[in-house]
Structures are given as structure tokens and as C-alpha cells.
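Novice: Task: produce atomic coordinates for the following.
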Amino acid sequence: MEKIAILGSTGSVGISTLKVLDKLKGYKLDCLTAYANLKLLVKQANRYRPSFLGIAKEEDYRVLIGGLKYKPKNVFFGEEGLKNLCRLKSFRAVVIAIVGYPALIPLIEAIKNNKKIILANKESLVCAGKIVMDLLKKYNSQLIPVDSEHNAIFQCLKRGDSAKIKRIILTASGGPLRNVKMQQLENITPSQALAHPRWRMGKKISIDSATLMNKGFEVIEAMHLFGVPLNKIEVLIHPQAIIHSMVEFIDGSILAQLGVADMRLPIQYALSFPERFPSSVSSLDFSQVSKLEFALPDINKFPCLSIAYEVAKRGGTYPCALNAADEELVRAYLEKKIKLTDIPKIIKKVLSRHKSIKNPKLTDILNTDKITRELTKKLIRKEKE
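Specialist: Model prediction:
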């Protein structure tokens, strides 16, 4: 039995991972962590009885323990607790399904402790891609992406030499606002932006999908994961979400990974790699596929994608600043403090004031994140005045 930890077990990816593990033999849950959803964490813990648990706030300890029907070996608290948890030798594999920037530090700690990493977080690579990839080489750790697009590319590259890549094509469904007119975006409500037509996801990634910022982040992530330059990564809108991404090689051959839009598929592949096992996910019925559509993204309507490309070109601490600003702006939008169209507008203001560090160290990344969030919050307040 391979012992496994899930960091962020109450989010959409964490819940999907548990569904996969219910059907996949050979794994035992050794650790579960959550940020705020204590009720669900207690329910998960009582079902799977992991040895270790992690929560964000120490003051929630009594609530957590009071709901448990067993006694765990240890409960970890906050960022320092996640670091200590990743140092444990009791489990070999760790699913990092923490939302946003907070995944960076536990990811680095997991790499240093030679864990098999199943990564369902793109922001850590957006913020510190070179640092993360250098550490993977240094500690000879394995990282397998769970994002459907990057998992698709990963699978395609198992059939070909990455040095022979002509281009990577990241597909995007276009999100819930694909057919909304540009002049209507200003009045889009959070509930409308959250209504993704193909995927069931958390609020942050759903809003990023609506603005296409998520696809911009995926471009930056792909650069680091697969070692390809920016000019070899393209984005295509594919509303059916059947082809999850494609790789074209220098001879003109194109490999694509297809499947139903269900996160259990890439999660199971990442867990079982290099093996493949039967899945409970329904097969793709080609007789029901009437057409496959493709179109170039409208960067005038969705400027976040072009902003991400420009930031990727600039490098340094610009991607970290972009992520920090976006996280604060998405939070403000969900709280109805700003409009959807304010997100790219304020991001541009933030980036115009950013003083980038060309070859940042981890301390530079942490400092950039802090400073950028403070500036973004200030601009949000100003926007409301």
C-alpha cells in the first residue's frame, strides 16, 4: 500500500482525488488538510482515518478534534505546519491541491523531501517556475501535473522527444462568457462568471477561466514544465472540451489527448503513473460528438490572456506580481467591490509600477507577493472611491 497525502482535500480537486482513491486499489490516505471547510474535513477524516491532519488556524483545533471519531497521530497548523507535514517520511506521494500562491512553500518542501508530487496548482509555477524546476533537478523529485491541459501534454510527450516539439497547443473551452458581447462584460455578475459550461471548479479558478487569465497562467506553467519557449505555446478555443491539449512535433505529426471533461481522469493517471488502470469514468462516445470547433481567442475581449503572454516574455518577478494582483482582484470581484472589467485594468496599473528582479531568489518571490498585494488592495480602494 502506497501512503498518500492530500493537501487541500476539501476543494474540487481534493474531492475528486478521494473519489479516484475510492476505486483505485493500492493506496492508503495518510494525511488530509483543509483551509476553512472544517465540517467537510471532519467528515473526510472520520471516513478515511488518516494519521495526520492539517488546518489553517490553531484556534480551530478544538472544533476539529471535537468532531472526530478517532484520534490522529498529529494535527498541523498553518504554513509552518504544512512544511513540517511535507517532511514526514510516512507517506511517499502528495497531492498538492491547495488553491493559489499558498501552495508554493509546501511544494518546495515536498520537493526537498523527495516526494512524488501530483500537482494541481499552477500558481506556484507561475510565481516561481525556475526555482521549482531547478529544485526538482537538484533533489531528483518527480512532479506530475493534474491540470487537464498539462496532464494531456505530459501524456503526449511520453510518445515523443520533448526536444522535437514544434509547438504546444493549449485548448480552452472559452468559459461562461465566450458568447457574451464585449460591451456586456462590465455588468457580468459573479454568479454569471462562475457558471462554467464544462468544468466544476472552485471560485478562484472559475473566475480566471471566465477572464482567460487561467489560460494565461497555463501558458507560463507549460513553459516551465516542458522547457519550451513562449513562441512555441499557442492557445485555441475549443468549446466542446474534448481535446484537452495537443503537441505538434517537428515532422508535422500532432498528438492529442482526448476524453470526457472529468478531473478524475488526469488525477488517476497522475497517481498511477507510469501504469494505467481501469477507471470508473464514462468513456467518450464519439457517436454523440457532432463536431469539434476551434477558434483563436479574442484578446481584445479577454485582455488577461495577452497580459499573461507579455508577463511571461518579461520574466523575472513579473509573473509573481501578476498572480498576486489577480488573486486580490478576483477576491474583490467575488465580494462585489469591483467589476469584472476592472481586473485587467487594475492589473495593468500594478504591473506598470512593478520593479522586477531578473533572477529572483525565493525571498524575492515572497517579498514581491507581499508588496504587490498591498499595492493591489490600495488600487482597489481607490477604484471604489
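
Novice: Would you map the helices across the stretch 151-300 of the chain?
Specialist: Taking DSSP state H, counting those that start in this stretch as the criterion, the stretch 151-300 of the chain carries its helices at 190-194, 203-211, 213-226, 264-272.

Novice: Same list as before, these that is, but in TSV and with mean pLDDT, distance to L375 and mean neighbour count included.
Specialist: (Glycine included, C-beta is placed from N, CA and C.) TSV is the format used below for these (pLDDT from 0 to 100; distance: least, CB to CB, whole Å; neighbours: other CB atoms under 10 Å):
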stretch	mean pLDDT	distance to L375	mean neighbour count
helix 190-194	93	23	16
helix 203-211	93	20	24
helix 213-226	96	18	25
helix 264-272	95	35	23
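
Novice: and the ones you listed as TSV, adding distance to K122?
Specialist: Output for the helices of the stretch 151-300 of the chain, formatted as TSV (distance: least, CB to CB, whole Å):
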stretch	distance to K122
helix 190-194	19
helix 203-211	9
helix 213-226	5
helix 264-272	13
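
Novice: what's the closest of these to R92?
Specialist: helix 264-272 (11.5 Å; CB to CB).

Novice: What is the next helix or strand after the closest one packed up against?
Specialist: Where DSSP states H and E defines the elements, the next helix or strand beyond helix 264-272 is helix 303-314. The contact analysis (3 or more CB pairs under 8 Å, 6 or more residues apart in numbering; DSSP states H and E) places helix 303-314 against helix 213-226, helix 318-334, helix 342-353.

Novice: returning to what we had before: so which of the helices of the stretch 151-300 of the chain gets nearest V146?
Specialist: helix 264-272 (5.2 Å).

Novice: so how far is the closest one off the chain centroid?
Specialist: On the basis of CA atoms, centre = their mean, to the nearest Å, helix 264-272 sits 15 Å off its chain's mean C-alpha point.

Novice: And it, what does it pack against?
Specialist: helix 12-23, strand 93-96, strand 116-119, strand 142-145, helix 148-157.

Novice: Could you identify the helix or strand that succeeds the third one?
Specialist: Which is strand 116-119. Next element after strand 116-119 (DSSP H and E): helix 123-139.

Novice: Please give the centre-to-centre distance between that following helix and its chain.
Specialist: With CA atoms, centre = their mean, you get 14 Å for helix 123-139.

Novice: Check which residues of stretch 80-100 are buried.
Specialist: 81-86, 88, 91, 93-100 (16 or more other CB atoms under 10 Å).

Novice: quick one: average confidence on stretch 108-119?
Specialist: Averaged across stretch 108-119, the pLDDT comes to 96.

Novice: returning to that earlier point: closest to Q288 out of the helices of the stretch 151-300 of the chain?
Specialist: That would be helix 264-272 among the helices of the stretch 151-300 of the chain, by CB to CB, at 17.5 Å.

Novice: mind saving the C-alpha coords of the closest one as CSV?
Specialist: Extracted as CSV, the C-alpha positions of helix 264-272 are listed here (Å, rounded to 0.1, in the frame of the first residue of the first chain):
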residue,chain,number,x,y,z
ARG,A,264,-10.8,12.1,-12.2
LEU,A,265,-9.1,11.0,-15.4
PRO,A,266,-5.9,13.2,-15.1
ILE,A,267,-5.9,12.6,-11.3
GLN,A,268,-5.9,8.9,-11.7
TYR,A,269,-3.2,8.9,-14.4
ALA,A,270,-1.0,11.1,-12.2
LEU,A,271,-1.5,8.8,-9.2
SER,A,272,-0.9,5.6,-11.1
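
Novice: end-to-end on stretch 243-256?
Specialist: Start-to-end span of stretch 243-256 (CA to CA, to the nearest Å) is 7 Å.

Novice: same question, stretch 166-186
Specialist: Where stretch 166-186 starts and where it finishes are 38 Å apart, if you go by CA to CA.

Novice: for L340, what are its contacts?
Specialist: Shown in contact with L340 (CB atoms under 8 Å, 6 or more residues apart in numbering): L185, E186, I188, A193, A210, T211, Y333.

Novice: which one among the buried residues of stretch 80-100 gets closest to I6?
Specialist: V95 (4.6 Å).

Novice: contacting residues around the residue nearest in space to the middle of the chain?
Specialist: Central residue of the chain (CA atoms, centre = their mean): N121, 2.9 Å from the mean position. Each residue near N121 by CB under 8 Å, 6+ apart is listed here: I96, A97, I98, V99, G100, A103, L107.

Novice: Likewise for G252?
Specialist: So G252 contacts K166 (CB under 8 Å, 6+ apart).

Novice: switch the cut-off to 7 Å
Specialist: Residues near G252 by CB atoms under 7 Å, 6 or more residues apart in numbering: none.

Novice: With just CA atoms, put stretch 44-63 into CSV.
Specialist: The C-alpha trace of stretch 44-63 is given here as CSV (Å, rounded to 0.1, in the frame of the first residue of the first chain):
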residue,chain,number,x,y,z
GLN,A,44,-13.5,13.1,5.4
ALA,A,45,-11.3,12.3,8.3
ASN,A,46,-13.9,10.1,10.0
ARG,A,47,-14.3,8.1,6.8
TYR,A,48,-10.6,7.6,5.9
ARG,A,49,-9.0,7.9,9.3
PRO,A,50,-5.6,9.4,8.2
SER,A,51,-2.8,9.5,10.7
PHE,A,52,-2.2,13.2,10.2
LEU,A,53,-4.4,16.3,9.7
GLY,A,54,-3.7,19.9,8.8
ILE,A,55,-5.7,23.0,9.3
ALA,A,56,-5.0,26.7,8.8
LYS,A,57,-5.7,28.0,12.3
GLU,A,58,-4.7,26.6,15.7
GLU,A,59,-7.8,28.0,17.3
ASP,A,60,-9.9,25.6,15.2
TYR,A,61,-8.2,22.6,16.9
ARG,A,62,-11.0,22.0,19.4
VAL,A,63,-13.7,22.2,16.8
